[in-house]
Structure formats: structure tokens, C-alpha cells
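Chemist: Starting from these lines, generate the structure:
(one chain, ligands or ions: 2)
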Amino acid sequence: MGEYINVVETFGCDVFNDSVMQARLPKKIYKELKKTIEEGKELSMEIADVVAHEMKEWAIEKGATHYSHWFQPLTGVTAEKHDAFITAPMDNGKVLMSFSGKELIKGEPDASSFPSGGLRATFEARGYTAWDCTSPAFVRHDAAGGTLCIPTAFCSYTGEALDQKTPLLRSMEAINTQALRLLRLFGNTTSKKVTPSVGAEQEYFLIDKEKWLQRKDLIYTGRTLFGAMPPKGQEMDDHYFGSIRQRISAYMKEVNEECWKLGIPAKTQHNEVAPAQHELAPIYAPVNIAADQNQMMMRILKKVASRHGMRCVLHEKPFAGVNGSGKHNNWSLTTDDGINLLDPGKTPHENIQFLLVLTCILKAVDEHADLLRESAADVGNDQRLGGHEAPPAVISVFLGEQLEDVLEQLVSTGTATHSKKGSKLETGVKTLPDFMKDATDRNRTSPFAFTGNKFEFRMVGSRDSISACNVVLNTITAEVFKEVCDRLEKAPDFELAVHDLIKEYATDHQKIVFNGNGYAPEWEKEAKRRGLPILPSMVDAIPALTTEKAVKLFESFDVFSRAELESRAEIKYEIYSKAINIEAKTMIDMATKQIIPAVIRYTTVLGESINTVKTAGEGLIDVSVQLDLLKKASKLLKAANSAMSKLSKLVEKIPEYAEGRDRAVFCREKMVPAMEALREPVDELEMIVDKEMWPMPSYGDLVFEV
Ligand code: ADP
Ligand code: MG
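Modeler: Numbers count the residues shown, from 1 in each chain. Ligands and ions are numbered 1, 2, ... in the order given. Alright, predicted model coming up:
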């Protein structure tokens with residue numbers, strides 16, 4: 001800490017990136033590997049052996065003793081199994097360091113502890129990891145030493161995806177194929193590849209570690225299950241704020257340095273709306289790399305926090321009543337030669353292409369709004385979405401005034417003949433690049449906003465992987481692109497056909513466009529009127545995965561099979577029930593062992609004080625205030641106790657419900673309200689019980705005093 005680092009030199013120093021490969025691999029091998037990375041050509045074992053050897057030598061120089069296939073199972077966190085590079089001891093008792101092509105390409109982690117949603121039971125017990133050479137390997141340093149981490153996909157024996165990455169890579173192929181077809185129709189003969197580019201803005205909270213340790217709810221569930229709001233600003237004072245900034249800045253500096261070493265272009269950092277809340281955004285990258293880097297970044301945020309005596313809390317809603325955390329997923333489509341399909345462009349010709357792409361996305365989002373909503377479904381996000389600080393649980397698209405106007409024109413001009421093109425359409429569009437940038441605070445309420453040359457999906461929860469939403473975005477867009485290409489390739493008059501399509505899509509799907517205030521209660525009514533899906537909770541959203549519409553979509557692009565979709569739905573129900581179960585048990589534990597005893601102590605002290613005062617004053621002193629307080633506390637204590645026994649009974653009932661949807665619905669409909677019912681009297685008690693006696697740090701302590 002404190003010393004100066006040379007960013008240019010440090011950036012990517014722990015990554016086996018292109019320049020390392022170029023420098024270390026024999027030319028022929030490098031070329032073959034590049035073909036695999038760029039064109040998806042199969043990699044021979046011969047080449048893999050050479051790459052593995054060089055990778056190992058490089059990693060050892062960086063201090064690595066182990067290698068690990070690093071993957072993203074459906075648990076929401078990353079997983080890895082570490083193997084040392086050493087061979088079996090030789091006759092002389094020494095070992096060698098080795099790493100073969102086979103070990104690089106394929107791993108066989110014990111998969112039985114990862115969720116498979118029934119897939120493995122049907123197919124095969126083992127799981128395999130396969131090297132994703134499009135995302136570079138890296139050396140990670142921690143207390144366990146240096147580890148060469150190899151990004152991999154995780155599949156079952158018969159190839160069913162058991163992870164986040166496999167479908168993401170498949171969806172990238174789908175969008176690449178269809179987007180290239182579209183570009184060719186518009187006369188582009190040079191671009192070779194279209195890749196979704198993603199920049200994910202990550203929000204997080206920092207909490208003092210000592211205080212965090214005193215909250216079982218934070219420890220076990222990642223969020224507070226009890227907690228009354230402090231009177232605003234009560235515990236903030238300027239002097240203290242000065243030192244907060246010091247501590248946080250030192251933290252951020254180290255986070256950046258760790259990110260840069262791993263080649264993560266951490267760029268923007270700032271404090272967020274809530275006190276103790278911050279944000280970190282890297283520069284965008286191809287989506288599979290962005291997804292890997294986001295996982296690495298979350299790990300760095302946590303690791304560095306503990307070095308600074310803090311805990312990084314990534315839960316979507318750690319504190320009721322305080323802003324939650326999300327992950328803004330900025331998404332665009334970029335060609336290998338630098339064209340952004342979502343850039344409005346300057347020439348009318350390109351504008352037509354842009355308008356077609358835009359209306360395709362409107363159609364895609366409108367037709368699969370339920371899937372996009374589902375992609376952000378997460379237990380913690382249930383508390384965040386619709387909470388007047390995050391987008392509501394209804395999908396809509398924000399286009400901004402100018403684009404919305406263009407859309408209006410398209411819809412209202414009857415037949416969009418090409419004569420319109422010269423005048424209205426062109427003038428309407430030509431002004432776009434100048435006016436596109438929307439005022440950020442105007443559209444903050446939209447879940448899916450066009451922001452100049454990209455769409456920003458703001459629904460994703462802060463802990464979640466960004467893979468799921470990008471799988472959906474890529475595939476639904478590929479579907480409409482395909483329909484468009486099928487029609488345009490056959491059209492006798494291309495120009496006319498394009499205009500007809502733009503108008504048709506704009507008209508049919510205008511209902512998904514909403515530029516107003518997404519937080520307003522009227523919006524939900526309006527959304528209902530428009531027939532948009534309203535799916536408030538994760539449990540409401542999961543069925544979207546297995547509708548016939550979804551199965552047809554994903555199967556036709558080989559992104560998911562029906563079995564994979566069903567397994568994913570199953571896993572999500574399980575995750576939901578488990579999380580609620582843990583939360584309920586934690587609440588009961590805290591109430592029984594900490595809160596109720598504390599309130600009893602408090603009421604006892606109050607009672608004793610009333611008696612003492614009465615005696616001392618020979619019955620002449622008014623003790624009605626103490627008495628009222630005692631009555632109030634006792635009443636709330638009783639309410640808390642009865643809410644707790646109700647919750648306990650429900651917890652006992654959980655096993656009666658079949659694992660999967662039944663259990664999740666029970667948790668959502670019965671347990672969640674029972675948890676809220678317990679929280680209410682406890683939070684009221686916290687407001688009246690002597691702070692010295694309250695058994696855990698308050699919101700004020702946690703949020704304002706980092
Ligand atoms: P804003 O602050 O308006 O949300 P920024 O320019 O700060 O936008 O970008 C936010 C995130 O979006 C960053 O991660 C950035 O790299 C990313 N981003 C910028 N342009 C694009 C693009 N064309 N495609 C995908 N992501 C992008
Ligand atoms: Mg943003």
C-alpha cells in the first residue's frame with residue numbers, strides 16, 4: 001500500500017494473454033491456437049501439449065504451484081479443484097513439475113456436489129470441465145499460494161450444460177451466425193465475426209468486519225433480517241466522514257491494482273446512492289470474458305475487503321429501506337472490424353440497418369419479456385426489484401425522446417414506402433447521434449434502456465452471474481435476426497422489404513416501449529393493460545424457462561435442450577427454497593437466542609426501575625412513562641414470540657412439500673409473509689429498547705460507520 005505502481009507495466013501481468021502466447025509459443029503453434037480462439041477450429045492434442053507446457057513454465061515463474069480448472073456451476077459462485085503440477089516422486093525421491101495438454105483441455109471434478117436439477121440422475125454421475133480458450137488463463141495469488149486458473153465450461157458426460165458458461169458460448173455462436181447473415185444482406189462483406197460486447201457495472205456495500213461479525217443474519221444469509229432505520233443522518237459527522245473516505249480509497253486502490261494485474265480493465269469507481277455503497281465498472285469486453293472478469297472482480301472485492309478489516313456485501317438488498325445493489329449489464333453487438341450494430345451511425349443507409357436492428361430487439365424483448373425477467377430472478381433480487389430504487393419487475397424498453405419519435409413516425413405513416421425514406425425518416429434519424437445520450441437520471445427507472453450505442457439491462461442482481469441475461473439477449477435477438485434474414489433473402493425488392501419489416505415490428509411491438517417513470521404505481525396498471533408480463537418474485541418468473549415458446553427458441557439455436565431448461569428451473573426452485581429456509585432459521589435463531597432475551601432483560605430493568613422510583617418517591621412520583629414503555633415492550637415481545645412460533649411451525653412443514661416448485665411456492669406464499677410478520681414487532685422493539693441492551697449493531701452502526 002502507498003507505493004506507486006506502473007499501470008501500463010502491471011496491467012495483465014498475471015494473465016496468459018496474447019502477447020505472452022506470442023512471445024513464448026513457437027510461431028506455428030501460436031498460429032494454430034489463434035485459429036482455435038478466433039475461428040473455433042479444433043485443437044489437436046499435439047498443440048495442446050505444447051501450449052500446456054509453456055503455460056506451466058510461465059505460471060511457475062509467476063509463483064504458481066497448482067493449476068485449477070475454474071468454472072461456474074449453477075450455485076451462483078465459481079468452483080475449482082486444485083492440483084499441484086508435481087509428478088509422482090522418482091527413484092531419487094525428487095519430483096518434476098508437469099502439465100499435459102490433456103490436463104489443460106479436460107478435467108473431471110467430482111460433480112456430485114454441484115446442482116444438476118436431475119440431469120445427472122438421468123444421464124451420468126460425472127461432470128467434465130472443458131477449456132474455454134477464448135478466455136485467457138491467469139495466475140491468482142492468495143493465502144494458498146499461486147494457482148494457474150484455466151477458465152472452463154462444465155458439462156455432463158453426454159454434454160448437457162451444468163454451468164453458466166456453456167449456454168453463453170452457444171448463444172454467442174447463435175447471434176454471430178444470424179448477425180453476420182444480416183450484415184451480408186446490407187452489403188457488408190468484410191466483417192468476419194459479430195460478438196456481444198458487455199460492460200457490467202458492479203454495485204456493492206462495505207461493512208466494518210467487527211460489526212459484521214456481530215450479525216448472524218449477515219454472516220449466514222448475506223443480508224440483515226432485522227433492523228430498524230436510523231433517524232436519517234443521525235450518526236454521520238463530518239470528521240468521521242473524512243476518515244471513511246481514507247479507508248475506502250485505500251481499499252479501492254488495491255482493488256484496482258488486483259483487477260489490473262488480472263487484465264480486468266477496472267475503470268470507473270464511485271460512491272453510490274446509499275451510504276457505504278459503491279460501484280466499480282470495467283471497460284466492456286466480449287461477453288464471455290466480461291462474465292469471467294465479473295466473477296473474478298467479485299472475488300477481488302471480497303478478498304481485498306477482508307485485508308482492510310471490512311466485509312464486501314454483494315447481496316441485492318442487505319438493508320431494508322436502504323438502496324439495494326444491482327449489476328447494470330451494458331450490451332451491444334460489435335464486429336471484429338469495429339462496427340457496433342447498435343450505433344445509430346451517420347449515413348441514412350446505415351441508419352436503416354440500425355433501425356432494423358433496433359426494431360428487431362424491440363420484437364425480441366417484447367416476445368420474450370418473461371425470459372428476460374427470469375434471467376434476473378434471484379432470491380435476493382426479489383427484495384430489490386420494484387423497491388422504488390431499482391427497476392420494477394416488469395420488462396419495458398426505454399428509447400429516449402428522439403428514438404421514440406422516430407418510432408412514432410414509423411408506426412403512424414401508414415405504409416413506410418421508400419419515398420418516406422428520403423424525407424421524414426432520414427431527417428428524423430440524422431439528428432440521432434447528436435441527441436441520443438439521454439440524461440441519466442431521467443431513465444434510471446427503466447429495466448432496459450437504450451443509452452446511445454448500447455442497451456443497458458439494469459435488472460440483474462449484484463451477486464448474480466451476468467451470463468443468464470446475456471444468454472437470453474443473444475438468443476432472442478438471434479431469433480428475430482433469423483426471421484428477418486429468412487424473409488429478406490427471398491425479397492424481390494430489398495429496400496421495400498426492409499422498410500416493411502421495420503414498420504411491422506415497430507407497430508406490433510411498440511407496446512414494450514415505455515419512456516415514463518417505471519417507479520410510479522400507475523405504470524404497473526398500464527403495463528397490465530398492455531398485456532406485459534408482471535412477475536414480482538423469482539418463483540413467479542421461473543416458469544418462463546420451460547414454456548413451449550422458450551423450449552422452441554432455445555432448442556432451435558442449440559443453446560439449451562428441453563432437459564437442460566427443465567433442470568435449470570428445478571435448480572432455481574431448489575435454490576429459492578433453500579435460501580428462504582436458511583433465512584427463516586436464522587431469524588428464529590436470532591430471535592430466540594439474542595432478541596427475546598435482550599427484551600426480557602430490558603423489561604425486567606424497566607420493571608425494577610418503576611418499583612424503585614415508586615418506593616423512593618413514596619408513591620408520589622408519576623411513573624406512567626416507564627409504565628407505558630413497559631406495556632408497549634411487553635406487547636411487542638408477545639407479538640414477536642407468537643410470530644416466531646408461527647414461523648417455526650412453518651419451517652417444520654417444509655419437508656412435507658415436494659422439492660421443486662411446490663416447496664418454492666410454499667416458501668414464497670407462507671414463509672416469506674411469516675418472516676415479515678416476525679420482523680415487524682422486532683424492528684419496533686429496536687426503536688424503543690435501550691441501545692446499550694440491543695444485542696447487535698444497528699443499521700446506523702453498520703451503514704454510517706464504516
Ligand atoms: P453510463 O455511465 O452512461 O452508464 P458508461 O460510459 O460509464 O455509461 O459505461 C458503463 C459501462 O458500459 C462501462 O462498463 C462501459 O465500458 C460499457 N460500455 C460503453 N460502451 C459500450 C458498448 N458499446 N457496448 C457495451 N458496453 C459498453
Ligand atoms: Mg450505467
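
Chemist: Count the residues that sit near residue 68.
Modeler: Using other Cβ atoms under 10 Å, residue 68 has 21 neighbouring residues. The C-beta positions use only the backbone N, C-alpha and C, and glycine is treated the same way.

Chemist: how near is it to ligand 1?
Modeler: According to Cβ to the nearest ligand atom, to the nearest Å, residue 68 stands 27 Å off from ligand 1.

Chemist: got it, and residue 205?
Modeler: Distance from residue 205 to ligand 1, by Cβ to the nearest ligand atom: 20 Å.

Chemist: Run through the residues that contact that residue.
Modeler: 274, 276, 277, 278, 312, 313, 314, 315, 318, 319, 325, 703 (Cβ atoms under 8 Å, 6 or more residues apart in numbering).

Chemist: ok, which pair from these is furthest apart?
Modeler: Within the contacts of residue 205, 314 and 703 form the most distant pair, 15.6 Å apart (Cβ to Cβ).

Chemist: Which one of these two is surrounded by more residues?
Modeler: residue 703 (26 against 21).

Chemist: helix, strand or coil for the more buried one?
Modeler: helix (DSSP: H, G, I helix; E, B strand; the rest coil).

Chemist: Can you give me every residue that contacts it?
Modeler: 205, 207, 230, 274, 275, 276, 319, 322.

Chemist: Same check on residue 366?
Modeler: Going by Cβ under 8 Å, 6+ apart, the list of residues near residue 366 reads 508, 509, 511, 512.

Chemist: Show the buried residues in these.
Modeler: Burial by neighbour count, judged by 16 or more other Cβ atoms under 10 Å, picks out 509, 511, 512 from the contacts of residue 366.

Chemist: Output those residues as TSV; include the columns secondary structure, pLDDT and distance to residue 84.
Modeler: Converted to TSV, the buried ones among the contacts of residue 366 look like this (DSSP: H, G, I helix; E, B strand; the rest coil; pLDDT from 0 to 100; distance: Cβ to Cβ, whole Å):
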residue	secondary structure	pLDDT	distance to residue 84
509	helix	95	56
511	helix	94	58
512	helix	95	53
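
Chemist: Let me know the closest of those to residue 381.
Modeler: residue 512 (20.9 Å).

Chemist: hang on, the earlier thing: now intersect the contacts of residue 205 with the helices, please.
Modeler: Using DSSP state H, no member of these sits in helices.

Chemist: can you list those in a markdown table and add distance to ligand 1 and pLDDT?
Modeler: Below are those laid out as a markdown table (distance: Cβ to the nearest ligand atom, whole Å; pLDDT from 0 to 100):
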| residue | distance to ligand 1 | pLDDT |
| --- | --- | --- |
| 274 | 18 | 63 |
| 276 | 21 | 86 |
| 277 | 16 | 89 |
| 278 | 15 | 92 |
| 312 | 19 | 97 |
| 313 | 22 | 97 |
| 314 | 18 | 97 |
| 315 | 22 | 97 |
| 318 | 23 | 95 |
| 319 | 24 | 93 |
| 325 | 15 | 93 |
| 703 | 24 | 85 |
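
Chemist: which one of the residues you listed is nearest residue 609?
Modeler: Distance to residue 609, by Cβ to Cβ, is smallest for residue 703 among the contacts of residue 205, at 31.7 Å.

Chemist: Dig out what residue 69 forms beta bridges with.
Modeler: Taking DSSP bridges as the rule, residue 69 bridges to residue 81, residue 150.

Chemist: pLDDT wise, what is it at?
Modeler: According to the prediction, residue 69 has pLDDT 93.

Chemist: What is the neighbour count of it?
Modeler: 26.

Chemist: related to what we said a few turns ago, quick one: which of the buried ones among the contacts of residue 366 is nearest ligand 1?
Modeler: Within the buried ones among the contacts of residue 366, proximity to ligand 1 (Cβ to the nearest ligand atom) peaks at residue 512, which comes in at 20.9 Å.

Chemist: That closest one against residue 399, yeah?
Modeler: No - using Cβ atoms under 8 Å, residue 512 is not in contact with residue 399, being 10.0 Å away.

Chemist: What's the biggest strand in this protein, counting residues?
Modeler: strand 194-208 (DSSP state E).

Chemist: Could you name the helices and strands sitting against the very next helix or strand once past that one?
Modeler: Counting by DSSP states H and E, the next helix or strand C-terminal to strand 194-208 is helix 209-212. Counting contacts by 3 or more Cβ pairs under 8 Å, 6 or more residues apart in numbering; DSSP states H and E, helix 209-212 is packed against strand 310-313.

Chemist: Please repeat the previous calculation with a cut-off of 10 Å.
Modeler: Judged by 3 or more Cβ pairs under 10 Å, 6 or more residues apart in numbering; DSSP states H and E, helix 209-212 is in contact with helix 216-221, helix 287-307, strand 310-313.

Chemist: Quick check: residue 265 vs residue 290, distance?
Modeler: 10 Å (Cβ to Cβ, to the nearest Å).

Chemist: gap between the residue nearest to residue 587 when sequence neighbours are not counted and ligand 1?
Modeler: On the basis of Cβ to Cβ, 6 or more residues apart in numbering, the spatially nearest residue to residue 587 that is not a chain neighbour turns out to be residue 225, at 4.9 Å. Per Cβ to the nearest ligand atom, residue 225 is found 32 Å from ligand 1.

Chemist: do residue 66 as well
Modeler: 32 Å.

Chemist: Next up, identify which helix or strand that residue is on.
Modeler: Here residue 66 is assigned to strand 64-71, by DSSP H and E.

Chemist: Pull that strand out as CSV, backbone CA atoms only.
Modeler: Taking Å, rounded to 0.1, in the frame of the first residue of the first chain, the C-alpha atoms of strand 64-71 are listed here in CSV:
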residue,chain,number,x,y,z
ALA,A,64,2.2,-20.9,-9.2
THR,A,65,2.4,-24.4,-7.7
HIS,A,66,-1.0,-25.6,-8.6
TYR,A,67,-3.4,-25.5,-11.6
SER,A,68,-7.1,-25.4,-11.4
HIS,A,69,-10.0,-25.8,-13.9
TRP,A,70,-12.1,-22.8,-13.0
PHE,A,71,-15.8,-23.0,-13.7
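
Chemist: which residues in the stretch 401-550 of the chain form strands?
Modeler: Under the criterion DSSP state E, counting those that start in this stretch, the stretch 401-550 of the chain carries strands at the ranges 448-450, 455-457.

Chemist: Of those, which is nearest ligand 1?
Modeler: The nearest among the strands of the stretch 401-550 of the chain, by Cβ to the nearest ligand atom, is strand 455-457 at 6.1 Å.

Chemist: how far is the closest one from where the chain is centred?
Modeler: Its chain's C-alpha centre and that of strand 455-457 lie 13 Å apart, by Cα atoms, centre = their mean, to the nearest Å.

Chemist: Rounded mean pLDDT for it, please.
Modeler: 96.

Chemist: could you list every residue that touches the residue in the stretch 1-150 of the chain that ligand 1 sits nearest to?
Modeler: Here the stretch 1-150 of the chain gets closest to ligand 1 at one residue, residue 11, 15.8 Å apart by Cβ to the nearest ligand atom. Residue 11 is in contact with 5, 17, 257, 259, 260, 261, 262, 263, 264, 265, counting by Cβ atoms under 10 Å, 6 or more residues apart in numbering.
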